[in-house]
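*Asks:* Only the shape, not the letters, is given here:
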């Protein structure tokens with residue numbers, strides 16, 4: 001059937017770059033109102049200020065209670081729906097026929113928008129594909145998270161975790177994010193990619209700039225800077241492709257460079273899958289590691305319970321992941337007119353599955369805003385998604401968090417947060433930029 005969608009003109013900034021929906025919301029919402037002051041139709045959880053200031057929970061509580069399938073519209077994105085209840089999110093995520101991943105996983109320009117010529121780096125990872133392409137490309141790298149691979153990695157993860165924890169200063173305030181969360185996830189990423197160890201922080205940098213809002217915060221000053229750094233990433237990995245095609249190993253670059261369904265892809269297309277794997281291994285695990293320290297300090301009775309019984313670490317892991325939910329949402333696009341929660345969703349409407357809200361749904365998780373390390377159904381969380389896009393690195397993320405806390409409990413009496421964290425300026429990455437702590441050793 002022919003698609004007759006009208007070609008739309010993009011909304012461009014002064015430099016001719018496509019304006020992101022999040023930037024539009026940022027510029028409109030510097031002083032965000034409390035959720036209780038807004039009419040329900042004016043609530044829009046996309047605003048990055050809500051996440052930087054951690055005021056999003058009240059917004060989603062209202063949406064879950066009053067309008068769980070909620071319509072907004074922006075010049076840069078057109079019509080889009082916020083899905084906030086657990087069952088609805090799970091329903092959308094499990095139905096790739098009606099809700100497609102093709103075209104992107106974050107809120108973007110409406111279908112039919114003509115992309116500007118200077119938007120050089122356009123990546124298309126397999127998470128933004130439907131079957132069969134998604135299935136074929138995912139299969140190429142799936143073995144890295146197989147049980148046998150995890151068993152081989154466990155000793156390495158523990159050794160490096162111990163080294164990082166032993167190097168922490170006693171009696172002074174330091175940044176947990178940079179010294180522990182970023183360091184540990186970056187070291188592991190370098191191992192998974194067989195990436196030059198001395199350049200490992202480049203992986204963190206490339207991950208950070210993907211979802212940064214140009215000119216806001218302190219990550220990238222302009223869209224030009226982001227493009228330039230992503231092209232540096234292209235050039236760096238282009239060299240690695242050539243090396244691994246001739247001399248492959250058991251690493252993610254070799255798998256993509258030699259996989260049956262990925263070996264003939266362009267470097268730019270490979271970059272999409274690489275950035276997906278970098279972000280999946282960096283942003284998610286690092287923010288859960290930071291969230292675990294912050295969360296246990298917010299709920300000290302649970303920290304006390306964990307200290308008294310370290311065997312509860314295994315139960316704590318899924319609960320921390322549920323409570324933190326490091327990636328706030330994923331987007332789907334309706335392939336045809338459909339109905340959800342009594343609302344008519346039109347073909348080409350964008351649909352945001354707010355995992356962070358589904359994981360706070362009181363109909364599923366009692367006292368959901370609190371951490372309960374013995375919560376009986378914590379493993380029902382949707383932080384890893386659901387259906388064909390369920391995070392293939394979920395077991396690796398759980399392994400890293402478990403090992404971290406096993407080693408923390410062995411050597412520290414307590415990790416104390418000394419002031420509120422600085423949070424990531426993004427409605428997609430629910431994360432931490434800076435978390436000042438002090439430790440007391442046993």
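*Replies:* Cool, got the structure. Note that this is a predicted model, so its numbers are computed, not measured.
*Asks:* what residue ranges in the stretch 1-150 of the chain are flagged as low confidence?
*Replies:* Residue ranges of the stretch 1-150 of the chain with pLDDT under 70: 1-19, 23, 26-31, 112, 114-130, 133-146.
*Asks:* the helices in it, which residues?
*Replies:* In the stretch 1-150 of the chain, the segments counted as helices under DSSP state H, counting those that start in this stretch are 21-28, 48-52, 56-66, 86-93, 133-141, 147-166.
*Asks:* among those helices, which is nearest residue 428?
*Replies:* Residue 428 sits nearest to helix 21-28 of all those, at 7.5 Å, using C-beta to C-beta. All C-beta atoms are positioned from the backbone trio N, CA, C, and that covers glycine.
*Asks:* got CSV for the helices of the stretch 1-150 of the chain, with mean neighbour count and distance to residue 269 too?
*Replies:* Listed next are the helices of the stretch 1-150 of the chain as CSV, based on neighbours: other C-beta atoms under 10 Å; distance: least, C-beta to C-beta, whole Å:
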stretch, mean neighbour count, distance to residue 269
helix 21-28, 20, 24
helix 48-52, 22, 29
helix 56-66, 19, 34
helix 86-93, 22, 25
helix 133-141, 18, 10
helix 147-166, 14, 25
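*Asks:* could you dump those helices to TSV with distance to residue 416?
*Replies:* Shown next, in TSV, are these (distance: least, C-beta to C-beta, whole Å):
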stretch	distance to residue 416
helix 21-28	33
helix 48-52	23
helix 56-66	24
helix 86-93	33
helix 133-141	39
helix 147-166	15
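*Asks:* Any idea which of the ones you listed gets closest to residue 395?
*Replies:* Distance to residue 395, taken as C-beta to C-beta, is lowest for helix 147-166 among the helices of the stretch 1-150 of the chain, at 5.9 Å.
*Asks:* contacting residues around the closest one?
*Replies:* Residues outside helix 147-166 that contact it (C-beta atoms under 8 Å, 6 or more residues apart in numbering): 143, 179-180, 183-184, 187-188, 191, 395-396, 399-400, 403-404, 407-408, 411-412.
*Asks:* So which of those residues belong to helices?
*Replies:* Among those, the members falling in helices (DSSP state H) are 183-184, 187-188, 191, 395-396, 399-400, 403-404, 407-408, 411.
*Asks:* Can I have the buried ones of these as a ChimeraX selection?
*Replies:* Buried members of those, defined by 16 or more other C-beta atoms under 10 Å, are picked up in ChimeraX with:
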select :183,184,187,188,191,396,399,400,403,404,407,408
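*Asks:* can you tell me which helix or strand residue 257 belongs to?
*Replies:* Under the criterion of DSSP states H and E, residue 257 resides in helix 252-258.
*Asks:* Tell me the buried residues in that helix?
*Replies:* Within helix 252-258, the residues scored as buried using 16+ other C-beta under 10 Å are 252-257.
*Asks:* Just give me the closest of those residues to residue 424.
*Replies:* For the buried residues of helix 252-258, the nearest to residue 424 is residue 252 (24.5 Å; C-beta to C-beta).
*Asks:* quick one: that closest one from residue 181, how far?
*Replies:* Using C-beta to C-beta, to the nearest Å, residue 252 is found at 21 Å from residue 181.
*Asks:* what's the answer for residue 374, then?
*Replies:* Taking C-beta to C-beta, one finds residue 374 at 25 Å from residue 181.
*Asks:* Out of the two, name the residue with the larger neighbour count.
*Replies:* Using other C-beta atoms under 10 Å, the more surrounded residue of residue 374 and residue 181 is residue 181, with 27 against 13.
*Asks:* before we move on, back to that, so for residue 274, which of the helices of the stretch 1-150 of the chain sits nearest?
*Replies:* helix 133-141 (10.0 Å).
*Asks:* From the centroid of the chain, which residue is nearest?
*Replies:* The chain has residue 327 as the residue nearest its centroid, 3.3 Å off, counting by C-alpha atoms, centre = their mean.
*Asks:* Pull the number of nearby residues for the spatially closest residue to that residue that is not a sequence neighbour.
*Replies:* Ranked by C-beta to C-beta, 6 or more residues apart in numbering and with sequence neighbours excluded, the top spatial neighbour of residue 327 is residue 284, at 6.1 Å. Per other C-beta under 10 Å, the neighbour tally for residue 284 reads 25.
*Asks:* who touches residue 284 in this structure?
*Replies:* Residues counted as contacts of residue 284 (C-beta under 8 Å, 6+ apart) are 326-327, 391, 393, 397.
*Asks:* next one: residue 350
*Replies:* Residue 350 neighbours (C-beta under 8 Å, 6+ apart): 77-81, 107-108, 110, 331-334.
*Asks:* Strands of the protein, start to end?
*Replies:* In the chain, the strands defined using DSSP state E lie at 69-74, 78-83, 99-100, 174-175, 329-334, 338-340, 343-345, 350-354, 412-417, 422-423, 432-434, 436-441.
*Asks:* Out of those, which is closest to residue 303?
*Replies:* strand 412-417 (7.4 Å).
*Asks:* Identify the residues contacting the closest residue to residue 60 other than its chain neighbours.
*Replies:* Using C-beta to C-beta, 6+ apart and skipping residues adjacent in sequence, the residue nearest residue 60 is residue 357, 3.9 Å away. By C-beta under 8 Å, 6+ apart, the contact list for residue 357 reads 45, 60, 63-64, 84-85, 89.
*Asks:* Now distance to residue 341 too, for these, in TSV please.
*Replies:* Below are those laid out as TSV (distance: C-beta to C-beta, whole Å):
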residue	distance to residue 341
45	16
60	15
63	11
64	11
84	10
85	8
89	11
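*Asks:* Could I get the pLDDT score of the nearest residue to residue 241 once chain neighbours are set aside?
*Replies:* Counting by C-beta to C-beta, 6+ apart, residue 257 is the residue found nearest to residue 241 once chain neighbours are left out, at 4.9 Å. pLDDT recorded at residue 257 is 78.
*Asks:* if I look at residue 257, how far off is residue 393?
*Replies:* Distance from residue 257 to residue 393, by C-beta to C-beta: 20 Å.
*Asks:* repeat for residue 427
*Replies:* According to C-beta to C-beta, residue 427 and residue 393 sit 22 Å apart.
*Asks:* The residue nearest to residue 241 reaches residue 273, doesn't it?
*Replies:* No. Under the criterion of C-beta atoms under 8 Å, residue 257 makes no contact with residue 273, lying 10.8 Å away.
*Asks:* now residue 348: how far from residue 298?
*Replies:* Residue 348 sits 41 Å away from residue 298, going by C-beta to C-beta.
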